[in-house]
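Participant: for reference, the sequence and a predicted model appear below.
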Amino acid sequence: MLWSGVWGEWGHVLRPALLGLVVALVAIRLLVRLRMLRGVPRQQAWRHSVAEVGIIAGTAPWVWMILTPRPGDRALSLVPFRDLAAQLGGPVAGVVVQVGGNLLVLAALGFFLPLRFRLAPDTGRHAVAVLARVAVLAAGVSATVEALQYVLDLGRVASVDDVLVNTVGAVLAALCSRRWWL
């Protein structure tokens, strides 16, 4: 029931996103080939290409969903944890879709960003510095998307809780990629 509801509501985004995976694989291969022709070492060419395409292919479908208009009035929720508490008190399916979805919105960005860019010097505090930079960037991107929801009057709630959960998702994903950081 949960997946059929999600597919029914978001199939118009999920179908092209799945097709986009094929395009992403082709794009990675082409970028690797171009980089290697320019003299970039094979390992670096693959690492940068996978990370760049991963950031875009893993984030764009979620942003598309977030910026899809819905019937209703726009709203602004600036009290931290109010919306989250309401969601957690609702049906489990709603929690999985809302909280789980918000954790995934910037997960690809968080996962691949440290793989593509050297975000901190290689010191004992390297991990903390990388995670802090991922958090700041993710919070900025998420706040921008929430502001766009409100400004564009998309019939959605622009919520500080979404910014918080999106940011946590990016940081958790960055932790998942830690073993491959530069």
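Facilitator: Yep, that arrived.
Participant: isn't Trp64 up against Leu14?
Facilitator: No - using Cβ atoms under 8 Å, Trp64 makes no contact with Leu14, being 10.2 Å away. In this view, the C-beta of every residue, glycine as well, is placed from N, C-alpha and C.
Participant: the longest helix seen in the chain packs against which elements?
Facilitator: When the chain is parsed with DSSP state H, its longest helix is helix 2-37. Packing contacts for helix 2-37, counted by 3 or more Cβ pairs under 8 Å, 6 or more residues apart in numbering; DSSP states H and E, involve helix 42-66.
Participant: buried residues, the helix it packs on. List them.
Facilitator: For helix 42-66, the neighbour count (16 or more other Cβ atoms under 10 Å) marks 45-55, 57-63, 65-66 as buried.
Participant: so what secondary structure elements neighbour the very next helix or strand once past that helix?
Facilitator: Sequence order places strand 75-77 as the next helix or strand after helix 42-66, per DSSP states H and E. The contact analysis (3+ Cβ pairs under 8 Å, 6+ apart) places strand 75-77 against strand 157-159.
Participant: mind running it again at 10 Å?
Facilitator: helix 82-88, helix 126-151, strand 157-159, helix 160-176 (3 or more Cβ pairs under 10 Å, 6 or more residues apart in numbering; DSSP states H and E).
Participant: per-residue confidence averaged over that strand?
Facilitator: Taken as a whole, strand 75-77 has a mean pLDDT of 96.
Participant: same deal with stretch 167-182?
Facilitator: Mean per-residue pLDDT for stretch 167-182: 93.
Participant: hmm, Arg15 and Leu21 touching each other?
Facilitator: No - the criterion here is Cβ atoms under 10 Å, and Leu21 misses it with Arg15 at 11.2 Å.
Participant: quick check: neighbours shared by the two?
Facilitator: In terms of Cβ atoms under 10 Å, 6 or more residues apart in numbering, Leu21 and Arg15 are not both contacted by any residue.
Participant: between helix 42-66 and the longest helix of the chain, find me the angle.
Facilitator: Per axes from the mean of the first three to the mean of the last three Cα atoms, to 10 degrees, the angle that helix 2-37 makes with helix 42-66 is 150 degrees.
Participant: now do helix 2-37, average pLDDT.
Facilitator: Regarding helix 2-37, the rounded mean pLDDT is 84.
Participant: buried residues in that helix, which are they?
Facilitator: Buried, per 16+ other Cβ under 10 Å, within helix 2-37: 10, 17, 20, 24, 27-28, 31-32, 35.
Participant: from the residues you listed, which single one is nearest Val141?
Facilitator: Among the buried residues of helix 2-37, Ala17 lies closest to Val141 (Cβ to Cβ), at 18.3 Å.
Participant: give the contact list for that closest one.
Facilitator: Residues near Ala17 by Cβ under 10 Å, 6+ apart: 10, 24, 57-58, 60-62, 64-65.
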